[in-house]
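> Need coordinates for the following:
(one chain, ligands or ions: 2)
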Amino acid sequence: MIIVLSHDIRTEEYENIKAYILRKGVRLHESEGTEKRIIGIIGDKRDLDRNAIEALPGVEKVIPILEPYKLASRKFHPRNTVVSVRNARFGELEPIIMAGPCAVESEQQIWDIAREVSQQGGHILRGGLYKPRTSPYSFQGLGLEGAKWLKQAGDTYDLPVVSEVMEIEDLDTLDPYIDIFQIGARNMQNFKLLKAVGRTDKPIFMKRGNSATLNEFLMSAEYILSSGNERVILCERGIRTFVEYTRNTFDLNVIPMIKNVSHLPIIVDPSHATGRTDLVIPMTLAGLAAGADGFMVEVHPKPYEAFSDGNQSLNYTQFGQLLQDWQVIKDAILTLRKRKLEEVEKHVSDYSAHLS
Ligand code: PEP
Ligand code: MN
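Residues are numbered from 1 along each chain as shown. Ligands and ions are numbered 1, 2, ... in the order given. Sure thing, here's the model as predicted:
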């Protein structure tokens, strides 16, 4: 629930309200940037009596929040969250370009790709180290050895690196090497892992499970946020449907929908969403047009030789084509993004009206 405070609330009244709520064993979240002062309540609210709170001096009214997610909700946090990773700012005007191989395969492979991603204007280097493969006989990743190469290549070309963590134990091992921890689609509801990454101070790139609803997706983000880590980046990577000509179905609807209900940045991954190289370029552009804060694509010098996901990887020429096509529509997209950001600001200033 959200408590809207009276405009002339006195300091003692404010402290009294806070103390009353904290005694009930829930947490408070004070929202910034709104004309009216509001307090969000997070936690198990069984012991909270809405009428009793409304009767406290200094309270104007109490508004229940129907969504199960709170910290991930735009109602709690009306402005967009911006997650900064060195020079890259997820959730601001400029969409972020993330690229790299499905998996780090050798020292030379990741250095070569890092150079290409950097030269073509990418912002973040990806590379899997622990691969969640459907078959136990498929390549499982190079683990720590690959992490060292990934970091060296990233440092050399000034690219922060993102890689998936599958186990809580990987967090400490990978911490010195990885700038952004990725939670893979298969682990989106591994709640212990979500809580563990929520206790780190690294940005978390969390992919949508392949059958996750919007609520489930945001509730998983809520696990990370409520564990203390506010640096969450969402990723749409396709969901399972009856469609059989692609690996997954790219749920474009979810991009503007997430923007409506949440303040978190969202990235599209058309490589996993389609599973087909020939669909990656058009669907990346579609994702950007739908309002994505960036894209992640798999890039490999010789996709036909890739240890994993070669049939959805772009070669260097195709990656170059994607970035050229992006330039063609970029100005138009930035104009639309600017307007959206202005709408968010307007919504923030109208927030008190919205709450009444
Ligand atoms: C990946 O990005 O390497 C990956 C395994 O993706 P997903 O978790 O979306 O399947
Ligand atoms: Mn992959």
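> need the contact list for the residue nearest in space to the middle of the chain.
In the chain, the residue lying closest to the centroid (Cα atoms, centre = their mean) is Ile233, at 1.6 Å. Neighbouring residues of Ile233 by Cβ atoms under 8 Å, 6 or more residues apart in numbering: 83, 90-91, 180, 203-206, 264-267, 293. All C-beta atoms are positioned from the backbone trio N, CA, C, and that covers glycine.
> what do you get for Gly154?
114, 125, 160-161, 179.
> can you tell me the helix or strand for it?
Secondary structure from DSSP states H and E places Gly154 in helix 143-156.
> any chance of the contacts of Gly154 in CSV, plus secondary structure?
Listed next are these as CSV, based on DSSP: H, G, I helix; E, B strand; the rest coil:
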residue, secondary structure
Ala114, helix
Leu125, strand
Pro160, coil
Val161, strand
Asp179, coil
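> re the thing from before, for the helix holding Gly154, give the mean pLDDT please.
Regarding helix 143-156, the rounded mean pLDDT is 97.
> Quick one: distance of it to the chain centre.
In terms of Cα atoms, centre = their mean, to the nearest Å, the centre of helix 143-156 is found 23 Å from the chain centre.
> can you tell if it touches ligand 1?
No - Helix 143-156 is not in contact with ligand 1 by Cβ under 6 Å from any ligand atom; minimum separation 12.8 Å.
> buried sites along that helix?
146-147, 149-154 (16 or more other Cβ atoms under 10 Å).
> Can you name the residues of the stretch 201-350 of the chain sitting close to ligand 1?
Residues of the stretch 201-350 of the chain lying near ligand 1 (Cβ under 6 Å from any ligand atom): 207, 237, 272.
> So which of those wins on neighbours?
Lys207 (26 neighbours; other Cβ atoms under 10 Å).
> quick one: Met257 and Gly320, what's the gap?
Distance, Met257 to Gly320, using Cβ to Cβ, to the nearest Å: 32 Å.
> got it, and Cys102?
19 Å.
> Also Leu288?
17 Å.
> circling back: name the nearest of the contacts of Gly154 relative to ligand 2.
Leu125 (14.3 Å; Cβ to the ion).
> For the residue lying closest to that closest one once chain neighbours are set aside, give me the pLDDT.
Counting by Cβ to Cβ, 6 or more residues apart in numbering, Leu125 lies nearest to Leu159, which is 4.1 Å off, once chain neighbours are set aside. According to the per-residue confidence, Leu159 scores 98 in pLDDT.
> residues contacting Leu159?
Here Leu159 is in contact with 114, 117-118, 122-125, 153 (Cβ under 8 Å, 6+ apart).
> repeat that for 10 Å
Taking Cβ atoms under 10 Å, 6 or more residues apart in numbering as the criterion, Leu159 is in contact with 86-88, 98-100, 114-115, 117-118, 122-126, 150, 153, 179.
> Same question for Glu222.
Neighbours of Glu222 in contact, by Cβ under 10 Å, 6+ apart: 42, 67-73, 194, 198, 215, 232, 262.
> okay, the residues of the stretch 201-350 of the chain next to ligand 1 in JSON lines with secondary structure, distance to Tyr14 and pLDDT next?
Formatted as JSON lines, those follow (DSSP: H, G, I helix; E, B strand; the rest coil; distance: Cβ to Cβ, whole Å; pLDDT from 0 to 100):
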{"residue": "Lys207", "secondary structure": "strand", "distance to Tyr14": "40", "pLDDT": "98"}
{"residue": "Arg237", "secondary structure": "coil", "distance to Tyr14": "44", "pLDDT": "98"}
{"residue": "His272", "secondary structure": "helix", "distance to Tyr14": "48", "pLDDT": "98"}
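> Return the set of buried residues in stretch 251-264.
251-252, 254-255, 258-259, 261-264.
> now do stretch 203-213
For stretch 203-213, by 16+ other Cβ under 10 Å, it's 203-210, 212.
> and if you look at stretch 185-200?
185, 187-190, 193-198, 200.
> for stretch 127-138, same thing?
Quick answer for stretch 127-138 (16+ other Cβ under 10 Å): 127-131.
> Next: stretch 267-284.
So, applying 16+ other Cβ under 10 Å, buried residues of stretch 267-284: 267-275, 277, 279-281, 283-284.
> ok, now stretch 8-23?
9, 13-14, 17, 21.
> closest to ligand 1 among those?
Ile21 (38.4 Å; Cβ to the nearest ligand atom).
> so when I look at the closest one, I'm seeing a helix, right?
Yes - residue state for Ile21 (three-state DSSP) corresponds to a helix.
> quick one: contacts for it?
Ile21 sits in contact with 1, 3, 27-28, 39, 41, 43, 45, 48, 53, 56, where contact means Cβ under 10 Å, 6+ apart.
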